[in-house]
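# no sequence on hand, only this structure:
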Ligand SMILES: O=C(COP(=O)(O)O)NO
């Protein structure tokens, strides 16, 4: 399949202008594999600063947004605003939005639908908790999350799925390449059966959860792993090696 490798950096609630200047320096220096789609995700207040300083084809993503263009929703931002400052990407449904901020599958679905309708490219996150994996419920959980994404996605050219097992996020306990490939292949089969084979063949499914320069090449060689959504390691120069995992 001709799925373009995709590597996103999710900075989460981290950084200041000094540390961001350091990230921009190593990202602009690269060199970044031209065959990889690269996106960085700063906190909202730094989105325009980062966009103004990055060179080349590095995309900038908001880490979240709401499901309407404007209105009485204090503290949030909209896809229209993300577009207005010249950005094309947004991360939605991250497990931290789900488990810290209480976002439901349905709210995330509605956000995805609205962001895609505004022309943004959505990185839609799913993933199971440790206790769900230990109970053998991984597929049940990620299929349910994906079903809601399918229900709300009208243009699959604008959606990238990120499978991020919660037990691997920020823990150093990366899923093995075999564990990740198994879930990715099951997800692709589920999407084929519940959306279409064409959609399943073309949608990028990223892996996220303690990806590093040390493990990215082996993970990146798996047939159904189309890239990464990287947290901690995206704040450091080794992120360039992760971007170039398939180079
Ligand atoms: O949450 C993550 C992964 O974070 P880490 O790479 O730090 O495990 N990506 O969105």
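Cool, the structure landed. Source: prediction; values computed, not measured.
# residues in contact with stretch 31-41?
Here stretch 31-41 makes contact (Cβ atoms under 8 Å, 6 or more residues apart in numbering) with 4-11, 23, 27, 50, 54, 56-63, 89, 91, 123, 227, 234, 240, 243-244, 246-247. For the C-beta atoms, the positions are set from N, CA and C on the backbone; glycine is no exception.
# one more time with 7 Å, if that's ok
4-11, 27, 50, 58-61, 63, 89, 91, 234, 240, 243-244, 246-247 (Cβ atoms under 7 Å, 6 or more residues apart in numbering).
# start and end of it, how far apart?
19 Å (Cα to Cα, to the nearest Å).
# ok, stretch 49-58 next?
14 Å.
# so how far is that stretch off the chain centroid?
With Cα atoms, centre = their mean, to the nearest Å as the basis, stretch 49-58 stands 19 Å off its chain's centre.
# give me the contact list for it.
17, 20, 24, 27, 28, 38, 40, 42, 60, 85, 86, 87.
# what about 10 Å?
9, 11, 15, 17, 20-21, 23-25, 27-32, 34, 36-43, 46, 59-61, 85-87, 243 (Cβ atoms under 10 Å, 6 or more residues apart in numbering).
# what does the average pLDDT come to for that stretch?
In this model, stretch 49-58 has an average pLDDT of 97.
# what does this protein put close to the ligand?
Contacts of the chain with the ligand, taken as Cβ under 6 Å from any ligand atom, map to 10, 94, 164, 169-170, 208-211, 229-233.
# out of those, which is nearest to the ligand?
When the residues of the chain next to the ligand are compared for distance to the ligand (Cβ to the nearest ligand atom), residue 231 wins out at 2.2 Å.
# ok, the closest one touching residue 172?
No: using Cβ atoms under 10 Å as the test, residue 231 is too far from residue 172 to be in contact (11.4 Å).
# what do these two both touch?
With Cβ under 10 Å, 6+ apart as the test, residue 231 and residue 172 both reach 209, 210.
# so these two - more neighbours on which side?
The residue with more neighbours, out of residue 231 and residue 172, is residue 231; 23 against 9, by other Cβ atoms under 10 Å.
# what's opposite the residue lying closest to the more buried one once chain neighbours are set aside in the beta bridge?
Nearest residue to residue 231, sequence neighbours excluded (Cβ to Cβ, 6 or more residues apart in numbering): residue 10, at 5.2 Å. On the basis of DSSP bridges, residue 10 is bridged to residue 41.
# and the pLDDT at residue 10?
98.
# OK, contacts around it?
Per Cβ under 10 Å, 6+ apart, neighbours of residue 10: 39-42, 61, 63, 91, 94, 96, 123, 125, 162, 164, 169, 208, 228-232, 234-235.
# can you tell me how far it is from residue 43?
In this view, residue 10 and residue 43 are 10 Å apart by Cβ to Cβ, to the nearest Å.
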